[in-house]
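Colleague: Need coordinates for the below:
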Amino acid sequence: STKTSPLVVLENVQAFSTEGLCSLLENVSSLMVHKDFRLEMRPESSTAIVTLLKSIDAEEFVRFCTENSQLTKLKITAKLLEGAHSIKAENIPGGVSTDHITVYFENVSNQGGPKVDVQLLPKERSAITTFCSPKGKA
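Modeller: Take a look at the predicted model:
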């Protein structure tokens, strides 16, 4: 459901800064950053994650981006972010326990859900959390 997963991936955004892409999205969509959406750049994959903050239909937002001539000209594509069963949390401080990570990722206010497993990777300062369903993600 787009109501429970209001996340959209924008691809081919390597030429933009966070501020530049936010401005572009505001100009072409009439949405406002921090009010209607949040943006997280993923430079390692030339993508950005758009989190829709209000009851904006994510499928409609993707369709709009796909049909927008300015975004098409810049070769920016959009698609719904598919639900994942596992996520990797990075930059975890030393001494954080598996129990602490479990409590955080099962917390509904963090958009979490029931988990199956938490695997700490202390050398990488990360952890992999696997959920029962793709709905649980933070």
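
Colleague: Contact partners for residue 40?
Modeller: Counting by Cβ atoms under 8 Å, 6 or more residues apart in numbering, residue 40 touches 48-49, 51. (Glycine included, C-beta is placed from N, CA and C.)

Colleague: Dump the residues you listed to CSV, plus distance to residue 98.
Modeller: Shown next, in CSV, are the contacts of residue 40 (distance: Cβ to Cβ, whole Å):
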residue, distance to residue 98
48, 31
49, 26
51, 27
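
Colleague: now the helices: where do they sit in the protein?
Modeller: Ranges of helices in the chain, per DSSP state H, are 18-29, 58-67, 69-73, 98-106.

Colleague: where does this structure have low pLDDT?
Modeller: When residues are selected by pLDDT under 70, those of the chain lie in 1-5, 83-84, 108-116, 132-138.

Colleague: Walk me through the domains of it.
Modeller: 7-80, 86-132 (the TED database).

Colleague: if I look at the residue nearest the centre of the chain, how far off is residue 122?
Modeller: Closest to where the C-alpha atoms of the chain average out (Cα atoms, centre = their mean) is residue 49, at 4.4 Å. As judged by Cβ to Cβ, to the nearest Å, residue 49 and residue 122 stand 27 Å apart.

Colleague: before we move on, what about residue 36?
Modeller: Here residue 36 is placed at a distance of 39 Å from residue 122 (Cβ to Cβ).

Colleague: if you count what's nearby, which of the two comes out ahead?
Modeller: Neighbour count, other Cβ atoms under 10 Å: between residue 36 and residue 122, residue 36 has more, with 17 against 11.

Colleague: And for the residue nearest to residue 14 when sequence neighbours are not counted, the neighbour number?
Modeller: Closest residue to residue 14 apart from its sequence neighbours, by Cβ to Cβ, 6 or more residues apart in numbering: residue 46 at 4.1 Å. Residues near residue 46, counting by other Cβ under 10 Å, number 14.
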